[in-house]
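A.B. asks: here is the input, now give the coordinates:
(one chain, ligands or ions: 1)
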Amino acid sequence: MANKATVTVRAAGPKDEAAWRRLWADYLTFYELTLDPAITDATWAKAMSDGSAIFMRVAELDGEVVGFTMSLTHEGTWITSLDCYLEDLFVDETARGRGVGRALLDDLVTLCRQNGWSRLYWHTAEDNAAARRLYDSYVETDNHIRYRIEF
Ligand SMILES: CC(C)(COP(=O)(O)OP(=O)(O)OC[C@H]1O[C@@H](n2cnc3c(N)ncnc32)[C@H](O)[C@@H]1OP(=O)(O)O)[C@@H](O)C(=O)NCCC(=O)NCCS
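C.D. replies: You can find the predicted model right below:
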């Protein structure tokens, strides 16, 4: 792996729109997905809105935004505080292997602790080896599998 770099993680803001849209497009390509542009627009708007549970954090390397997480908090029946669900994590291909993904996850762990949220959880594809190497260094999988009906 390349040398680790100094990564800064912070809340995303309006000035990050162009960088996020580039990364988001690459993220969709990674998943071999095309998405209605109206959904991308709505996702950006939610991430920027104080009224939405969705929030975005971005990672900067040498002053450039090279990765992001998009997460949301929600209530739960097994907790009195909030759960934090990490929905999207992406690092630009040219910046990978330098600790950006880990910095983004560490940032969420810190946010959860600071806010008193109960749990941080996420899903990944079983065969996403690079992501799983990173995730396995935090916690073991909890032996749940996902069922989903799409409408
Ligand atoms: C998964 C992903 C976010 C990792 O980001 P990254 O910036 O490369 O990760 P890091 O450099 O912080 O690596 C963290 C650890 O993961 C492991 N790792 C990550 N990518 C790896 C690779 N290609 N080969 C070997 N190990 C790898 C290393 O063990 C590393 O451990 P270390 O910190 O002890 O060196 C990035 O590969 C990515 O965006 N992939 C495409 C999108 C994706 O899969 N998102 C997650 C969907 S659930």
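A.B. asks: in the chain, what residue is nearest the ligand?
C.D. replies: G101 (2.5 Å; CB to the nearest ligand atom). Placement of C-beta: from N, CA and C, glycine included.
A.B. asks: the longest helix along the chain packs against which elements?
C.D. replies: Criterion DSSP state H: the longest helix present in the chain is helix 100-115. Contacts defined by 3 or more CB pairs under 8 Å, 6 or more residues apart in numbering; DSSP states H and E place helix 100-115 against strand 7-11, strand 54-61, strand 64-74, strand 83-91, strand 119-122, helix 129-136.
A.B. asks: can you pull the contacts of the residue of the chain closest to the ligand?
C.D. replies: By CB atoms under 8 Å, 6 or more residues apart in numbering, the contact list for G101 reads G67, L89, V91, A131, L134.
A.B. asks: hmm, L105 and the last one touching each other?
C.D. replies: Yes: when contacts are counted by CB atoms under 8 Å, L134 is listed as touching L105 (7.0 Å).
A.B. asks: and the residue nearest to the spatial centre of the chain, bridged to which residues?
C.D. replies: Taking CA atoms, centre = their mean as the criterion, T69 is the residue nearest the geometric centre of the chain, at 2.3 Å. Here T69 shows beta-bridge partners R57, L89, assigned using DSSP bridges.
A.B. asks: so who does it touch?
C.D. replies: Neighbouring residues of T69 by CB under 8 Å, 6+ apart: M56, R57, L86, D88, L89, L104, L105, D107, L108.
A.B. asks: pLDDT and distance to the ligand for those residues - can I get that in CSV?
C.D. replies: Conversion of these to CSV gives the following (pLDDT from 0 to 100; distance: CB to the nearest ligand atom, whole Å):
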residue, pLDDT, distance to the ligand
M56, 98, 15
R57, 98, 13
L86, 98, 8
D88, 98, 7
L89, 98, 4
L104, 98, 7
L105, 98, 8
D107, 98, 12
L108, 98, 12
